[in-house]
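Trainee: pasting a predicted model and its sequence here:
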Amino acid sequence: MSEKYLVNPSPHYRCGDTTPSIMRDVIISMLPVLGGAVVFFGFRSLMLTLVSVAACIAFESLFNLITKRKNTVGDLSAVVTGMILAFNLPVVTPYWMVVIGAFFAIVVVKCLFGGIGKNFLNPALAARAFLFSWPTIMTTFTKPMQEIYYQFSFVFGEPMFVDGVVSESVDAISGATALKSLKEGVLPDIELWDLFIGNVPGSIGETSALLILVGFVYLLCRKVIRWHIPVCYLGTVALLTYLFPAAGIDNLTYMGYELLSGGLMLGAVFMATDYTTSPLTRRGKVIYAVGCGLLTVVLRTFGDFPEAVSYSILIMNVMTLVLDRYLKPRRYGIGGEHA
Amino acid sequence: MAFTFRGGIHPDYMKERTSASVIVSDMPKPERVVLPLAQHIGVPCQALVKVGDRVLEGQKIGDCESGLCAPIHSSLTGIVKAIETRWHPNGTKVLSVIVEGDGTDDKVELTPFEGEIDDLSPEEIIDRAREAGIVGMGGAAFPLHAKLRTALDRRVKTVIVNGCECEPYITADHRAMVEYPRFIMMGAALIRRCLGVDDVVICVENNKPDAIATLRATCDGSGISVQELPTKYPQGGEKQLIRAVTGREVPPGKLPMDIGCAVFNVDTCASLYRAVFRGQPLIKRVVTVSGSAVANPANLLVRIGTPYQDLFAYCGGFSSDPYKIINGGPMMGTAQHSLETPVTKNTSALLAFAENGGEETILDDSACIRCGRCVSVCPMRLQPTRLYECAVVERFDECAKLNVMDCIECGCCSYTCPSKLYLVQAIRMAKRSIPKEGAKK
């Protein structure tokens, strides 16, 4: 026999999914959110996303080039990080800040720890936390659907400041978020329906619960993520806010506002579910998600910032190491029903 | 109770290529057969014949004294041309008897038993299983008589007949269940008689409705039940099957018999029937020949010892150049380097994959993204990615702590990994390394 056959160990069968195909699905699942951002906050939100994605790809390529590693941008995870980072920013964020955020996410949080799969914090969230070094900018939330969003200078310029003070045009369109009112114990001057579809002030990608849920359903159908983390996270928040509403607000109403406000939906669906920084086992995932929910409610209630989702997830990211170490799946043949 | 187990995968089964093709029983005789003297788990046989001897089809040519040995019979009448080491499907070289056919139809058989099953004593059934050289035909090739003996000693309560056939491509058992359900039922009844149990259940995955219907009709009134199970790989894995059927789990390091179960393959049952009532030793078996490179996939009744090339030739040769030949299924089968290697007692399928045939996406492995799929599909509930991390840096002590020895090597983790990591391959290496580490101390 002159033929040469490949002899390697089993299995000789492999599924078609690859890291890029999974990341592609995540990107697709976030497109409705991006579309919503453009509708509510204009083309600047698209520009922010593009700049963020481009910067993430550039930093990852550059890092790999300098450290003489194989270029890994083909796995598309930098694109996902870039999109999530942009989704967490208010539309008035200057472009230079986006680039700094991308640098922090990709180089400091991801690449320096060994690249994809090795970072212990969600890169986009860590970058957002880092960008809170500019708290005024990071909390300047403007109202949706404003005419100013279609002005060239708003889309391509730096609308935030004029001579070091918040510009009048931005000041005029700034709006209080529902969370801020809730924190002060007042029912927000915002309809629940607007919160659900996303027609409210906020970071560009966080406002529309509806579009985030569309992405969630897509991810579930494509089997990219499982339901445990988002459902347990949101469930915990729902339960706690129902049981402990702010004084003078009806339980259900309070729960509705808490669930739909701020970055909770975005965090529960797209950020807490990050593979690398969430536990491997089902039990671990449930505990992690409940922890996220618990921290979110506690920090929202007792912390000084009205928003707490990012920090809750980051804290649970760190706990992932511990959860993975101590929570093994129940071993076959032990503890179950046998003999 | 749900008739399933946790974990597992749903690969593309590709069984429709051969699931309707009737077993071809009149394949021409091969010119020569290569009969490895070790076709079972346990002690290899010693040759009972010399070079130059004339042997008959059905004649015992290899045996040994050990209790863990199944004799080998010639599957062809002819002259012993050589007794030398030849390639075995498992990738090693094994002493083999090469018989060149002389074209005659002479043969010898065992004495068939005439009478009712209940007239047979357990000892007689065990002896007949041994004399016919029957081994577990689902893959493990454990000598049947040894398994029956242990099961008898351990007072097994439940006999599970495994007709799951969960590996992609393979339809040999499927066709057997459709075409000779009575042999399987009678074989199961023989095992029931031998072990003195009441509870005998034949398990079939629900992707074989015709087999389930035929078996149900055949077993009606026999006291043997037929259980339909969901289709999921590795449903036919012994430990998964026991969990699915009984709801019980085999504790680590223990045998199914320790929890009162014994599992037998459907074709093993049919072979036991043929041995006892027809006097036929195990010299033929059904092999599914399939894969993207095979011109006309088929189920063939093949003489054990027939070289692969004869099977492929009978199936119309290759429609395109194969890059890989597999003995067994794609999940747990062994890749072969030569077409001269013979079919053995546990060869349930012979596959030839064409490049770009769609079976395998061969990509470079990339970094683990911790998606957790390997953890959720592992039917033994291990954490393959963590075992992999430890195995590749040779921290076998850590692997042991993570219960690496529980791994059944089903390959679900490697199948499902989007980073295309060689998970089960690394875990296998760790498993092989652990006893060595222990010996050093």
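Mentor: Alright, I've got the coordinates.

Trainee: next secondary structure after the helix or strand hosting B:Phe277?
Mentor: Per DSSP states H and E, B:Phe277 falls inside helix B:266-278. Using DSSP H and E, the helix or strand that directly follows helix B:266-278 along the chain is strand B:284-290.

Trainee: close to chain A, is that next one?
Mentor: No. On the criterion CB under 8 Å from any CB of the partner chain, strand B:284-290 is out of touch with chain A, staying 12.8 Å away. Where you see a C-beta, it was placed from the backbone N, CA and C, and this is true even at glycine.

Trainee: picking that back up, packing partners for the helix holding B:Phe277?
Mentor: Helices and strands touching helix B:266-278, by 3 or more CB pairs under 8 Å, 6 or more residues apart in numbering or on different chains; DSSP states H and E, are helix B:122-131, strand B:158-163, helix B:172-179, helix B:181-195, strand B:284-290.

Trainee: how does it look with 7 Å?
Mentor: helix B:122-131, strand B:158-163, helix B:172-179, helix B:181-195 (3 or more CB pairs under 7 Å, 6 or more residues apart in numbering or on different chains; DSSP states H and E).

Trainee: mean neighbour count for the ones you listed - can I get that in TSV?
Mentor: Formatted as TSV, the helices and strands packed on helix B:266-278 follow (neighbours: other CB atoms under 10 Å in any protein chain shown):
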stretch	mean neighbour count
helix B:122-131	19
strand B:158-163	25
helix B:172-179	24
helix B:181-195	23
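
Trainee: the most centrally placed residue in chain B and B:Asp364, how far apart?
Mentor: Nearest to the geometric centre of chain B sits B:Gly139, at 1.9 Å (CA atoms, centre = their mean). Computed with CB to CB, to the nearest Å, the distance linking B:Gly139 and B:Asp364 is 30 Å.

Trainee: mind listing what's buried along the helix holding B:Phe277?
Mentor: B:Val266, B:Asp267, B:Thr268, B:Cys269, B:Ala270, B:Ser271, B:Leu272, B:Tyr273, B:Arg274, B:Ala275, B:Val276, B:Phe277 (16 or more other CB atoms under 10 Å in any protein chain shown).

Trainee: can you name the residue of the stretch 301-441 of chain B nearest chain A?
Mentor: B:Gly411 (3.3 Å; CB to the nearest CB).

Trainee: residue contacts, the nearest residue to that residue once chain neighbours are set aside?
Mentor: Leaving aside its sequence neighbours, B:Gly411 sits nearest to A:Pro11 (CB to CB, 6 or more residues apart in numbering or on different chains; 3.3 Å). Applying CB atoms under 7 Å, 6 or more residues apart in numbering or on different chains to A:Pro11 gives the contacts B:Pro330, B:Met331, B:Met332, B:Gly411, B:Ser414, B:Tyr415, B:Val424.

Trainee: neighbouring strands for the host helix or strand of B:Val226, and are they parallel or not?
Mentor: B:Val226 belongs to strand B:225-229 when elements are defined using DSSP H and E. Applying DSSP bridges, strand B:225-229 is found paired with strand B:199-205 (parallel).
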